[in-house]
Structures are given as structure tokens and as C-alpha cells.
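1. Need a 3D model of the following:
(one chain, ligands or ions: 2)
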Amino acid sequence: MRKILFVTSEAHPLIKTGGLADVAGSLPRALLKLGHDIKILLPAYASVLIKADAAGLKKLTQLPIHGQDISILQTRLPGSRVTVLLVDIPQFSERDGNPYCNPDGNDWDDNHWRFFLFAKVAEAIALNQANIDWQPDVVHCNDWQTGLVPALLTQATALVPATKPATIFTIHNMAYRGLFSHQAFAEMGFPQDYWHHEKLEFYGQMSFLKGGLAFADAVTTVSPSYAQEIKSPEFGCGLDGLLRFRAKDLSGILNGIDMDEWNPGADKLIHHNYNRRTINQKVKNKTHLQAQLGLPVSETIPMLGFIGRLVEQKGVDLLLEQMNQLLMLDCQLVVLGSGFDSYEQALTKIAQQHPNKVSVTLGYNEDFAHQIEASADIFLMPSIFEPCGLNQIYSLRYGTLPVVHVVGGLRDTVIEAVQNSQAVENEINDISNGFVFTKATAEDLHQAIKRALACYQHPEKWKKLQINAMKQDFSWEKSAKLYENIYEKILENSMAA
Ligand code: ADP
Ligand code: GLC
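-> Ligands and ions are numbered 1, 2, ... in the order given. The predicted structure is shown next:
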């Protein structure tokens, strides 16, 4: 049994903007199940405090940090026995909007300071200086918002390294490097030599992400393929050199999913439950959704789904570029997402012009996401890069066959055994579960969609693919054990040092 502090800026169901929240809400539960004493450390955003109040909230302690009194509150992750510690400062608790942006969609201009204070609290707990009588063996950090934690711990324990818990940093997305000015760095009180390209400096700016990459004892990312890709200039976002340097400490562990929350057999958010044996019933969800969205109701028209942040990463350009060709095919498209204005506008316009074929819902809607997963026949995920991707995994679980660009975690989860136009003529083997394309072009995406639509016309083959997809085990058990192995390895190394 190890004591683990899991530091994250999101955790479902308390706060979520993307897949990080799903992981932070489910991996700790799997680690708890394995017998570990795990606590999540999370900012006390206003919306989190409201939900935590319902789950039970108490104040543990108060710390003076950089002239500010910071409270640590304690609650539980709803629906679990995992303890959550909340860092309560007005910069988190007294603001509307999402964790990183104001209601206008711009980054909060003190993000560097809010997440620096968050990291300082993690440091205090890690060094048993927070008066909570609990010191972790391992501090597990996630993404740039927590990147300063390994750097602060290295700095604080430079003279007595034995007092430092082992640190692991998980990259969920290299594209967000947490870049701020030199002025921000200067305010934080790091020693001057931390302003160096091997430490926190990145081309004249400060990078929080680099704090994790350069200083953590182990660096992981959320799929084996992405762990390879980020060592190359194409995917490394300017940090590939550092990752190549850290190659022996870098590995990829595929995300699991919460198999209870995403379970078509028991999902309370969908119209009609079904499982592998009753897969024929899935279509009831489709006709229900068609009626709800005002689309022509038909069991046989294939429905394509897309859910996600409307940002470049998700391949929205490819989707838009082949839209005219797609609209000529006999299918429906249901989109749920929010993000860049230009994408939102382009998609809305298409839906207005083609109300019988396309439905676009802007915004964030967890319930609707479940309904699309249950209703669609095909799920589109043409991401340009994808560290892991959870939506394609949810789709597999719901028998909604994914069409994906073969990159990162999409490569590690979706398999199309024969990728040519003759695929339909071949027997479906036991591992194929979707459709993949290799070049990130609209044309390749479109060809893959056409292969999927052609295959859809062969119900027996389609069903075989669905069953292959639904049979797969994406529970956290296996991946949580891989994290456990890394914890043990870094603890061993730190004891030997
Ligand atoms: P990323 O973390 O890059 O956004 P993932 O596929 O890992 O991508 O995870 C996305 C998560 O966010 C999924 O749980 C997905 O259902 C959810 N999601 C994304 N956009 C929306 C939305 N507009 N409404 C509801 N859920 C969404
Ligand atoms: C990030 C990535 C996504 C991954 C998620 C959870 O947001 O973009 O690919 O699934 O984190 O690890």
C-alpha cells in the first residue's frame, strides 16, 4: 500500500472540460481498489464547492503561502470512497466560467499565479508541511497546471533529497505547454538558475509543462503510441529534444474508462439499454434521437456522430472540407461540441442549410454525449493528433464503430484489418473494430467514411464488428497496475539514490 497524492485541475464528476477529468475521476478509484491510500488534490472552483457541499465538506487546515491564507478543504469524489482535498483561494472559488477561461472564453490573466499557488499547496502536502498529518510516498501530477510541483519539490529538497516523495508527471496533452512571461517566473521566487532551457525556460518564456517533463522522476503519457510520437518534432511541440533526453523515464499507459458510467447495458442517460446479446435493440436509441432532433426517422439511415472540443486537434477542418461530399451520401450527422467560433459558425450554418441531414448542438452536455454514443452507428474522430482519446473508446463500448485517423491513442485502440475499398468483400476477423485512415486529409477521411457506410450495408459483418468492439476490456484494472509498477520503480530508485 502506498500513499499517493493525485494532483489535477479537473476530476469528473466535480469538474470537467475534457478527458483529463474522466481519467482523474476514474484512475484514483482503480488505485484505491488496489489497496492504495490515495487523495486527489483539486482547485476549489465555485462549481466544485457547490457539488462538494452536497457530498460533505470540511476544513482541514489553513496555510500562509506568499502572503495569502489558503484553506485546504476535504470532501469525497461523489459516488466513491476517494478523498478529495480542495485548495480554496478566491482566485478559484469566487469565479464563474471554466477552470482556465473567463466567461468570455479568454484565459484568466492570473492563471500562472493561481496554478503556482495550487502547486505550492501540493508541495506543502508532499513535504508534510501542511498540518494534515499525511505525507504521500508518491506525487502524481497531470498536465501543465501541475507541472511546477516536481520543480518545486526538487528545489525544496536539493539539500536533503530523502525527504522528497517520488514524483510522476502524466502528459495528457503536449499542445498545452503552460507558457507565461519571464515576469511571472520572477514573481515565483525560483532560483535564477531555473531560468534555463534544461529547466523552466522555453524560448524566452516560462513553461509549466517543462517543470513536469524536466523534474519528475517518471514521465508518462496516455497511450504507448503518443509516447513514441512526442519524441519527434512533428508531435513534440518543441519539447521533443527534452523528451528524447528523458526517453528512459518516459512511457505510455493507455487510459482506461469507467466501465460502469459508460455501460450501454445500464446507462440511465440513454433511451434504451442494450448489450452485446441485444445489440439489435441499439437502433431504438437512434430512432428516438432522430425524432428528438427533428431528423427523418428511419432505422436504416446510418447516423454519424461527433462529440468533442471544436479545436484544430480534433480534425474539424477535415470534417468540414469533405462536408459537401458527405452531404451527397445517404446518412445523417449529429454533432455536439463547443470551441472556436469559426468552427461553431461553420457547423451551425451547415445544419441550418441541411436540417434533414445534419444536427449541430453547441455547448457542453454530458447527458447528450451519452445519447449520441448510444444512438449513432458510426463515430467520427479524425483528430490530427490524439494523446489517447476517450470518445472512440466509449464508442467501441457502445457498438458505435469509430472512423479515426491512425494517430496516438486512436492507433492503439481502433483496428481495421483490411484498409481498402474491397474490405467489405472480406470476412471480418476477430480484431477489427472500426475504420482507420493514415493521412490526415479530408479525402482520406472521406474514403474511410465511405468504407464504413459500405460495410453498414452488410448487417452481419457490421454486427461482427460491433461485437468485436463491445467485447474489448477497457477497464482501468490493467492500466492502474502499470501505474503501480512505475510508482514502485521510482520509489526504489529514490531509495537507492
Ligand atoms: P479531450 O480530452 O482531448 O477533449 P477525450 O476524447 O479524451 O478528448 O475526452 C473528451 C471527453 O469530454 C469525453 O468524455 C467527451 O464525452 C467529453 N466531451 C467533449 N466535448 C463535449 C461536449 N460538448 N459535451 C459533452 N461532453 C463532451
Ligand atoms: C487530453 C487528450 C486526450 C486524452 C485525455 C485524457 O485531453 O487530448 O487525447 O484522452 O487528455 O488523458
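2. Walking through the stretch 301-450 of the chain, point out its strands one by one.
-> Using DSSP state E, counting those that start in this stretch, the strands found in the stretch 301-450 of the chain span residues 303-310, 332-339, 358-362, 378-381, 401-405, 435-437.
3. Can you give the strand pairings for the second one, parallel or anti for each?
-> So the one you mean is strand 332-339. Strand 332-339 pairs in its sheet with strand 303-310 (parallel), strand 358-362 (parallel), by DSSP bridges.
4. want to try TSV for the strands of the stretch 301-450 of the chain, with distance to ligand 1 and mean neighbour count as columns?
-> Using the backbone N, CA and C atoms, a C-beta is placed for each residue, glycine as well. Shown next, in TSV, are the strands of the stretch 301-450 of the chain (distance: least, CB to the nearest ligand atom, whole Å; neighbours: other CB atoms under 10 Å):
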stretch	distance to ligand 1	mean neighbour count
strand 303-310	5	24
strand 332-339	5	22
strand 358-362	8	20
strand 378-381	8	27
strand 401-405	11	27
strand 435-437	16	24
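5. Which one, of the ones you listed, ends up nearest to ligand 2?
-> Evaluated with CB to the nearest ligand atom, the strands of the stretch 301-450 of the chain place strand 303-310 nearest to ligand 2, the distance being 8.2 Å.
6. Is it possible to get a markdown table of the strands paired with strand 332-339 that adds distance to Gln322?
-> As requested, those are exported to a markdown table (distance: least, CB to CB, whole Å):
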| stretch | distance to Gln322 |
| --- | --- |
| strand 303-310 | 12 |
| strand 358-362 | 13 |
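7. Quick one: closest of the ones you listed to Ala440.
-> Among the strands paired with strand 332-339, strand 303-310 comes nearest to Ala440, with 15.6 Å by CB to CB.
8. How far does the closest one sit from its chain's centre?
-> The chain centre lies 16 Å from the centre of strand 303-310; the measure is CA atoms, centre = their mean, to the nearest Å.
9. Specify the angle between it and strand 401-405 in degrees.
-> If you take axes from the mean of the first three to the mean of the last three CA atoms, to 10 degrees, strand 303-310 sits at 50 degrees to strand 401-405.
10. quick one on the thing from earlier: let's have the strands paired with strand 332-339 in CSV, adding distance to Trp262 and mean pLDDT.
-> Formatted as CSV, those follow (distance: least, CB to CB, whole Å; pLDDT from 0 to 100):
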stretch, distance to Trp262, mean pLDDT
strand 303-310, 12, 97
strand 358-362, 20, 98
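11. Turn these into TSV, including distance to ligand 2.
-> Putting these into TSV (distance: least, CB to the nearest ligand atom, whole Å) gives the following:
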stretch	distance to ligand 2
strand 303-310	8
strand 358-362	20
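12. ok, the closest residue to Asp217 other than its chain neighbours - contacts?
-> Nearest residue to Asp217 in three dimensions, chain neighbours excluded: Ile490, at 4.1 Å (CB to CB, 6 or more residues apart in numbering). Shown in contact with Ile490 (CB atoms under 8 Å, 6 or more residues apart in numbering): Val138, Ala166, Thr167, Ile168, Asp217, Ala218.
13. re earlier: looking at the strands of the stretch 301-450 of the chain, which is nearest to Asn98?
-> Of all the strands of the stretch 301-450 of the chain, strand 332-339 comes closest under CB to CB, at 10.2 Å.
14. Is there proximity between that closest one and ligand 2?
-> No - Strand 332-339 does not reach ligand 2 (CB under 6 Å from any ligand atom); its nearest approach is 12.6 Å.
15. surely Leu401 meets Ile428?
-> No - under the criterion of CB atoms under 8 Å, Leu401 is not in contact with Ile428, lying 11.1 Å apart.
16. where do the contact lists of the two overlap?
-> Listed as contacting both Leu401 and Ile428 by CB under 8 Å, 6+ apart are Leu465.
17. The residue of the stretch 1-150 of the chain found nearest ligand 1 - how many residues pack around it?
-> For the stretch 1-150 of the chain, the residue closest to ligand 1 is Gly19, as judged by CB to the nearest ligand atom, at 2.3 Å. When neighbours are defined as other CB atoms under 10 Å, Gly19 has 25 of them.
18. and it, what is it in contact with?
-> For Gly19, the contacting residues are His172, Asn255, Cys388, Gly389, Leu390, by CB under 8 Å, 6+ apart.
19. Also Leu73?
-> Ala44, Ala52, Leu57, Lys58, Lys59, Leu60, Leu85, Leu86, Asp88 are the contacts of Leu73 under CB under 8 Å, 6+ apart.
20. again, only using 7 Å
-> Ala44, Leu57, Lys58, Lys59, Leu60, Leu86, Asp88 (CB atoms under 7 Å, 6 or more residues apart in numbering).
21. Looking at neighbours, which among these is most surrounded?
-> Ranking those using other CB under 10 Å puts Ala44 first, with 27 neighbours.
22. pLDDT at that residue, what is it?
-> We have a pLDDT of 97 for Ala44.
23. Quick check: it vs ligand 2, distance?
-> 22 Å (CB to the nearest ligand atom, to the nearest Å).
24. Thought Val87 was touching that residue, still the case?
-> Yes - Ala44 is in contact with Val87 according to CB atoms under 7 Å; the separation is 5.9 Å.
25. Could you name every residue contacting both of these two?
-> Common contact partners of Ala44 and Val87 (CB under 7 Å, 6+ apart): none.
26. State the pLDDT value of the closest residue to ligand 2 within the chain.
-> When distances are taken as CB to the nearest ligand atom, the chain reaches nearest to ligand 2 at Gly19, 2.8 Å away. In this model, Gly19 is scored at 94, pLDDT.
27. bridging residues for the residue nearest to Leu380 when sequence neighbours are not counted?
-> Among residues not flanking Leu380 along the chain, Phe306 sits closest, at 4.7 Å (CB to CB, 6+ apart). Beta-bridge pairing of Phe306, defined through DSSP bridges, involves Val335.
28. Tell me how far Phe306 lies from Pro402.
-> Phe306 sits 11 Å away from Pro402 when distances are taken as CB to CB, to the nearest Å.
29. Quick check: phi and psi at whichever residue of the stretch 101-250 of the chain sits closest to ligand 1.
-> Residue of the stretch 101-250 of the chain nearest ligand 1, by CB to the nearest ligand atom: Asn173 (6.3 Å). Phi and psi for Asn173, reported as degrees, to the nearest 10, are phi -160, psi 110.
30. Check whether it really touches Pro387, as I assumed.
-> Yes - the pair Asn173 / Pro387 is scored as a contact, 5.4 Å apart, by CB under 7 Å.
31. Look at the two and report which has more neighbours.
-> Between Asn173 and Pro387, Pro387 has the larger neighbour count (other CB under 10 Å), namely 30 against 21.
32. so who does the more buried one touch?
-> Applying CB under 7 Å, 6+ apart, we find Pro387 in contact with Ile171, His172, Asn173, Thr221, Val222, Ser223, Tyr226, Gly408, Gly409.
33. circling back to that earlier point, of all the strands of the stretch 301-450 of the chain, which one is nearest Lys248?
-> Relative to Lys248, the nearest member of those by CB to CB is strand 401-405, separated by 29.3 Å.
34. Now do that closest one: distance to the chain's middle.
-> Centroid separation for strand 401-405 versus its chain: 17 Å, with CA atoms, centre = their mean.
35. now do stretch 139-156
-> That offset, for stretch 139-156, works out to 19 Å (CA atoms, centre = their mean).
36. Across the sheet, point out what pairs with Pro402.
-> Going by DSSP bridges, Pro402 forms beta bridges with Phe379.
37. from the contacts of Ile490, which are also near ligand 1?
-> Applying CB under 6 Å from any ligand atom to the contacts of Ile490, none is adjacent to ligand 1.
38. Can you say which of those are buried?
-> Among the contacts of Ile490, the ones that count as buried by 16 or more other CB atoms under 10 Å are Val138, Ala166, Thr167, Ile168, Asp217, Ala218.
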